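S.K.: I would like the atomic coordinates for the input below:
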Amino acid sequence: MKSLKVSSFCLGMIGSTLLRHRSKPRVYIGCMKSGPVLAQKGVKYHEPEYWKFGEDGNKYFRHATGQIYAISKDLATYISVNRLAFLVNFLILIFLSKFSSETDLVFAFSHMLHKYANEDVSLGSWFIGLDVEHIDDRSLCCQTPPDCEWKTQAGNSCAASFDWSCSGICKSVERMKEVHQLCGEGDEAIWHTSF
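M.R.: Numbers count the residues shown, from 1 in each chain. Below is the predicted model:
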């Protein structure tokens with residue numbers, strides 16, 4: 001059974017972050033990284049298609065970590081249309097194969113956005129070559145206490161907190177309440193945020 005990634009989110013902060021970028025047409029917001037491509041089988045986050053990224057030891061292109069990220073409506077539409085294009089072309093292929101021998105042309109247009117082993121890498125790859133503004137927002141990738149606690153006390157509240165080693169909050173059932181108490185934005189914050 002796959003473990004669930006549980007992170008701590010401050011909805012008021014997330015709302016404020018999204019509001020700042022609301023008018024931008026093609027924006028990709030997250031905690032941007034460029035981690036190593038893991039070629040070794042059996043390790044967590046192994047990339048079976050590691051060879052596409054060059055020699056051993058190479059890194060992925062910049063993409064947002066999988067804990068939390070946001071994309072604009074234009075980018076969501078782009079993904080939706082390109083995923084749908086595969087289905088539409090597949091249906092045309094079936095239709096033509098019954099009534100025509102000209103199926104080779106449809107194969108040329110039948111494509112789907114490629115998925116890598118990790119969804120955050122896949123999403124980042126779909127935006128390569130597009131005119132997309134990447135926004136590296138470090139408030140979306142705070143560590144759990146004491147990191148997020150110190151940042152909150154310094155006035156740099158975190159929108160999302162997690163442990164890198166767990167890709168979420170380690171021992172989340174036991175620790176979630178503590179993380180929210182030390183790093184949260186308070187019970188009233190969401191009611192004072194404009195969405």
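S.K.: and the strand ranked longest in the chain, what does it pack onto?
M.R.: Determined from DSSP state E, the single longest strand within the chain is strand 63-71. Helices and strands touching strand 63-71, by 3 or more Cβ pairs under 8 Å, 6 or more residues apart in numbering; DSSP states H and E, are helix 11-20, strand 27-33, helix 119-126. C-beta coordinates here come from the backbone N, C-alpha and C atoms, glycine included.
S.K.: closest one to residue 178 among these?
M.R.: In terms of Cβ to Cβ, the element of those nearest to residue 178 is helix 11-20, at 18.5 Å.
S.K.: quick one: the longest strand of the chain to helix 11-20, angle?
M.R.: Interaxial angle, strand 63-71 versus helix 11-20 (axes from the mean of the first three to the mean of the last three Cα atoms, to 10 degrees): 80 degrees.
S.K.: just the C-alphas of strand 63-71, formatted as PDB.
M.R.: This file holds the C-alpha atoms of strand 63-71, laid out as PDB (Å, rounded to 0.1, in the frame of the first residue of the first chain):
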ATOM      1  CA  HIS A  63       9.700  21.900 -11.400                       C
ATOM      2  CA  ALA A  64       7.600  22.400  -8.300                       C
ATOM      3  CA  THR A  65       7.700  19.900  -5.500                       C
ATOM      4  CA  GLY A  66       4.800  17.500  -5.300                       C
ATOM      5  CA  GLN A  67       3.500  18.600  -1.900                       C
ATOM      6  CA  ILE A  68       1.700  21.700  -3.200                       C
ATOM      7  CA  TYR A  69       1.700  23.700  -6.400                       C
ATOM      8  CA  ALA A  70      -0.700  25.800  -8.400                       C
ATOM      9  CA  ILE A  71      -1.200  26.500 -12.100                       C
END
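S.K.: many thanks, I have nothing further to ask.
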